[in-house]
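In: I would like to see how this sequence folds:
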Amino acid sequence: MRTTVDIPDALFRRTKAIAAVRGVTLKQIIIDAVEREISPAKPAPAGKQRNRLPLIHLEPGRVLDLTDFDFDDLLA
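Out: Presented below is the predicted three-dimensional model:
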């Protein structure tokens, strides 16, 4: 189905740039965005929710020394 939607110029330019970088059409970017917006969220089973932790990638042979790091600063 065809429709007309008014999109702010700046948003249109950003969306078109993202489509170009991904090598897809502007139409596909918009379809994907609408599908994500209206698809029902899949809740995690009770008690099974997991938080994703950040990963630190080190070059081979390097060691991350956190001996003197104050983790309490992260909670402040």
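In: does residue 36 belong to a helix, a strand or coil?
Out: Here residue 36 is recorded as helix under DSSP: H, G, I helix; E, B strand; the rest coil.
In: mind checking pLDDT for residue 23?
Out: Looking at residue 23, its pLDDT is 93.
In: for the chain, what helix or strand is lowest in average pLDDT?
Out: In the chain, no helix or strand scores lower on mean pLDDT, DSSP states H and E than helix 72-75, which sits at a mean of 82.
In: flag every buried residue along the host helix or strand of residue 31.
Out: Counting by DSSP states H and E, the element that carries residue 31 is helix 26-38. With burial defined by 16 or more other CB atoms under 10 Å, the residues of helix 26-38 counted as buried are residue 29. C-betas here are computed from N, CA, C, even on glycine.
In: how near is residue 21 to residue 69?
Out: Remark: distance between residue 21 and residue 69 (CB to CB, to the nearest Å) = 37 Å.
In: residues making contact with the helix holding residue 31?
Out: 15, 16, 18, 19, 22 (CB atoms under 8 Å, 6 or more residues apart in numbering).
In: stretch 5-20 too?
Out: 25, 26, 28, 29, 30.
In: quick one: contacts for the first one?
Out: This means residue 25. With CB under 8 Å, 6+ apart, residue 25 has these contacts: residue 19.
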